[in-house]
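Asker: The following comprises the amino acid sequence and a computationally predicted model.
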Amino acid sequence: MGINILALSYLIASVTFIVGLKMLSNPASARRGNMVAAVGMVFAIFATIFLYEEQSEGLGNYGWIFGGLIIGTVVGTLAAKKVKMTAMPQMVSLFNGMGGACAALISIVEFDHLVHSASSESIQNGSLLIIMLGLIIGSVSFSGSMVAWGKLDGRVGDYAFKGQHIFNLVLLGAMIALTSYLMLATSASPAFYFYVVLAIALIYGIFFVLPIGGADMPVVISLLNSFTGVAAACGGFLYDNNAMLTGGILVGAAGTLLTILMCRAMNRSLTNVLIGSFGGGAATAAASGAQGTYKEISLSDAAVVMSYANKVMIVPGYGLAVAQAQHACHELEKILTDKGVEVKYAIHPVAGRMPGHMNVLLAEADVSYDRLMEMEQANEDFPTTDVVLILGANDVVNPAAKTDPASPIYGMPILEVEMAKTVIVNKRSMKPGYAGIENDLFFRPKASMLFGDAKKVLQDLIAEVKNL
Amino acid sequence: MEQLLQWFTQHQQIIYIVVLMVFVGIEVIGRVPSVLHTPLMSGANAIHGVVIIGAIIVMGKAEPDNYLALALGFVAVIVGTLNVVGGFVVTDRMLEMFRKKK
């Protein structure tokens, strides 16, 4: 009876994962989709705790299980609730790493189990392969996610050395060789090789992510996310557990596609991201001279220009997120609208640190959905725009992406703000953006600079506009 | 080699599920707008937290004197729960921002 209900619960969970994922890919149903998947997950977890049995023996150690569940729930909820909107991407990476660690830990325990029980050899080999896969993929995902987290948090810098790709390939080869050896030869001390593989997998994860530029982290996290999915599916294989299997493979497949879609939004290939031109090539591209001079605009001038414009386009970037200036931004939009100015936002797909980062941020400040223009739409609108106000965006408006084949961001579609009559750029300083490259735009005649923290500048602008 | 083929036959049902799920996964998110890339990634992140089930099984099967299994299983349950709960809560917080307010 119990075991049948368990099977049914797993079926329900699998269906909720699929339906949830489907709903998540539509703005109107996304939030409910997340809930649906969460309910399915709760179902699967409790069914497992109370109904799972192996050789008609139920699970024990309830104290430990519930202890772990409670600790994880409390810490997870607090961390997820307290994290700032700007730090969301790191958080996703961190949680992803936890999933990878979980898969790797399961593999370690099951390996230990396998070594001590001398069961029939054919099953042993099949299980061993799955255990090794779960171990390797889970560990890579764990250590890689930790590095990605550190990078986004500004704790870890980009690091690459000569021949790193070869080094990585050697590590990969070593893992495959050791795993094959473990499976084919009856070694006297299998545990030793097992832990060597574990160590190599952890190191591999670190060096896999380290050389990739910070701006590409979202793509990497998405990729590691699908890795963890596959690692979870390995667990499904091991326990003949369909909920783990469907959930894991589903995320593995969807995550891989999502990774490719993200790359496409930046007009780059996955190989290009992984081999790393952002991190590696940045140093050489910086030497593109012809800097010239930039001009500054005063606050009151900026206020006048914007108040008497017909159409103002705001281009938000990471600077807006860092300064937490979304509310000030919305207020400026309202004041200008009251004065009869048409205000729109031009959202580059990869503005900020993650795709959709700006939409989330502006939505938090209650900016209405229909004011947000996607890139193609915005680019059509720029020729009829009087003033473009760039708030802490840099690489997404860098004309080098269109004109300079030597630039590391060459080929990425940009917001063509130069089509507008005037461009006002708010930045904290003349320092280059996240990709570490100079932006010619700031030295063009149409552009003028408005230095300062985005929030402060916006508040001052609002005051100036009010005084007009 | 023969062992592997045999193993394949024994597990063909699972292998079918894997193949079908790959197609479902790709099909299901095929037309996602770029605005939703991040929440979708985060939601998928929470879903692979289903690995927690494996951790619970490991923990529940551990014999009271098997300290390695007990300790690692306990940690696995904690980190697995972190993945699930944190994942869903973060996703919800992101999507909360999307709700239309009128």
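Answerer: Perfect, I can see it now. Residues are numbered from 1 along each chain as shown, chains lettered A, B, ... in the order given.

Asker: what residues go with each domain of the chain?
Answerer: If you meant another chain, say so; for now it's chain A. In terms of domains, chain A is parsed into A:88-281, A:299-467 (source: automatic domain parsing).

Asker: let's do chain B instead
Answerer: Split by automatic domain parsing, chain B gives B:1-31, B:32-102.

Asker: Using a markdown table, please lay out the ones you listed together with mean pLDDT, mean neighbour count and distance to chain A.
Answerer: C-beta coordinates here come from the backbone N, C-alpha and C atoms, glycine included. As requested, those are exported to a markdown table (pLDDT from 0 to 100; neighbours: other CB atoms under 10 Å in any protein chain shown; distance: least, CB to the nearest CB, whole Å):
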| stretch | mean pLDDT | mean neighbour count | distance to chain A |
| --- | --- | --- | --- |
| domain B:1-31 | 87 | 14 | 3 |
| domain B:32-102 | 88 | 25 | 2 |
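
Asker: So for A:Thr86, which of the ones you listed sits nearest?
Answerer: Nearest of the domains of chain B to A:Thr86, taken as CB to CB: domain B:32-102 at 12.2 Å.

Asker: On the three-state scheme, the spatially most central residue of chain B is what?
Answerer: The centroid of chain B falls nearest to B:His48 when counting by CA atoms, centre = their mean (1.7 Å). Secondary structure, DSSP: H, G, I helix; E, B strand; the rest coil: B:His48 is helix.

Asker: Verify the stated contact: it with A:Leu224.
Answerer: No - applying CB atoms under 8 Å, one finds B:His48 not in contact with A:Leu224, separated by 10.6 Å.

Asker: so where do the helices sit in chain B?
Answerer: Assigned by DSSP state H, chain B shows helices spanning B:2-10, B:12-28, B:37-47, B:52-61, B:67-81, B:87-96.

Asker: can you tell which of those helices is closest to A:Ile297?
Answerer: Nearest of the helices of chain B (CB to CB): helix B:37-47, 33.4 Å.

Asker: Would you mind getting the angle between the closest one and helix B:12-28?
Answerer: Going by axes from the mean of the first three to the mean of the last three CA atoms, to 10 degrees, helix B:37-47 is angled at 160 degrees with respect to helix B:12-28.

Asker: quick one: helix B:37-47 to helix B:87-96, angle?
Answerer: Computed by the same axes, to 10 degrees, the angle separating helix B:37-47 from helix B:87-96 equals 160 degrees.

Asker: Which other helices and strands does helix B:37-47 contact?
Answerer: When contacts are defined as 3 or more CB pairs under 8 Å, 6 or more residues apart in numbering or on different chains; DSSP states H and E, helix B:37-47 sits against helix A:2-24, helix A:30-51, helix A:88-116, helix A:217-239, helix A:242-265, helix A:357-364, helix B:87-96.

Asker: Deepest in the core, which of those helices is it.
Answerer: Highest mean neighbour count of these: helix A:217-239, a mean of 29 (counted as mean count of other CB atoms under 10 Å in any protein chain shown).

Asker: Now render the domains of chain A as TSV, adding mean pLDDT and distance to B:Leu20.
Answerer: TSV is the format used below for the domains of chain A (pLDDT from 0 to 100; distance: least, CB to CB, whole Å):
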stretch	mean pLDDT	distance to B:Leu20
domain A:88-281	86	9
domain A:299-467	85	28
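
Asker: I'd like a version of those domains in a markdown table, one that adds distance to A:Lys22 as further columns.
Answerer: Listed next are the domains of chain A as a markdown table, based on distance: least, CB to CB, whole Å:
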| stretch | distance to A:Lys22 |
| --- | --- |
| domain A:88-281 | 10 |
| domain A:299-467 | 18 |
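
Asker: Export those as JSON lines, with columns for distance to chain B.
Answerer: Output for these, formatted as JSON lines (distance: least, CB to the nearest CB, whole Å):
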{"stretch": "domain A:88-281", "distance to chain B": "3"}
{"stretch": "domain A:299-467", "distance to chain B": "4"}
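
Asker: returning to that earlier point: JSON lines for the helices and strands packed on helix B:37-47, including distance to A:Gln326?
Answerer: Formatted as JSON lines, the helices and strands packed on helix B:37-47 follow (distance: least, CB to CB, whole Å):
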{"stretch": "helix A:2-24", "distance to A:Gln326": "23"}
{"stretch": "helix A:30-51", "distance to A:Gln326": "20"}
{"stretch": "helix A:88-116", "distance to A:Gln326": "14"}
{"stretch": "helix A:217-239", "distance to A:Gln326": "20"}
{"stretch": "helix A:242-265", "distance to A:Gln326": "22"}
{"stretch": "helix A:357-364", "distance to A:Gln326": "5"}
{"stretch": "helix B:87-96", "distance to A:Gln326": "14"}
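
Asker: between those helices, which gets nearest to A:Leu133?
Answerer: helix A:217-239 (5.0 Å).

Asker: Now do the closest one: which elements does it pack against?
Answerer: helix A:88-116, helix A:121-152, helix A:242-265, helix A:270-275, helix B:12-28, helix B:37-47, helix B:52-61.

Asker: ok so, going back, need the helices of chain B in TSV with distance to A:Ile437, can you?
Answerer: Converted to TSV, these look like this (distance: least, CB to CB, whole Å):
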stretch	distance to A:Ile437
helix B:2-10	50
helix B:12-28	35
helix B:37-47	24
helix B:52-61	43
helix B:67-81	38
helix B:87-96	29
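
Asker: out of these, which comes closest to A:Leu245?
Answerer: helix B:12-28 (5.7 Å).

Asker: next one: the closest one to chain centre, how far?
Answerer: Relative to its chain's centre, helix B:12-28 lies at 15 Å (CA atoms, centre = their mean, to the nearest Å).

Asker: Tell me which other helices or strands that helix touches.
Answerer: Against helix B:12-28 (3+ CB pairs under 8 Å, 6+ apart) you get helix A:2-24, helix A:217-239, helix A:242-265.

Asker: would you list those in a markdown table and tack on distance to A:Val74?
Answerer: Listed next are those as a markdown table, based on distance: least, CB to CB, whole Å:
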| stretch | distance to A:Val74 |
| --- | --- |
| helix A:2-24 | 23 |
| helix A:217-239 | 22 |
| helix A:242-265 | 24 |
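
Asker: out of those, which comes closest to A:Phe111?
Answerer: Among the helices and strands packed on helix B:12-28, helix A:217-239 comes nearest to A:Phe111, with 10.6 Å by CB to CB.

Asker: Output the closest one as CSV, restricted to C-alpha atoms.
Answerer: Extracted in CSV, the C-alpha atoms of helix A:217-239 (Å, rounded to 0.1, in the frame of the first residue of the first chain):
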residue,chain,number,x,y,z
MET,A,217,28.9,34.3,-15.0
PRO,A,218,25.1,34.0,-15.6
VAL,A,219,25.8,31.7,-18.5
VAL,A,220,28.2,29.7,-16.4
ILE,A,221,25.8,29.4,-13.6
SER,A,222,23.1,28.3,-16.0
LEU,A,223,25.5,25.6,-17.3
LEU,A,224,26.5,24.4,-13.8
ASN,A,225,22.8,24.4,-13.0
SER,A,226,22.2,21.9,-15.8
PHE,A,227,25.2,19.9,-14.5
THR,A,228,23.6,19.6,-11.1
GLY,A,229,20.4,18.4,-12.8
VAL,A,230,22.3,15.6,-14.4
ALA,A,231,24.0,14.8,-11.1
ALA,A,232,20.6,14.6,-9.4
ALA,A,233,19.4,12.3,-12.2
CYS,A,234,22.4,10.0,-11.4
GLY,A,235,20.9,9.6,-8.0
GLY,A,236,17.6,8.7,-9.7
PHE,A,237,19.4,6.0,-11.6
LEU,A,238,21.0,4.6,-8.5
TYR,A,239,17.8,4.4,-6.4
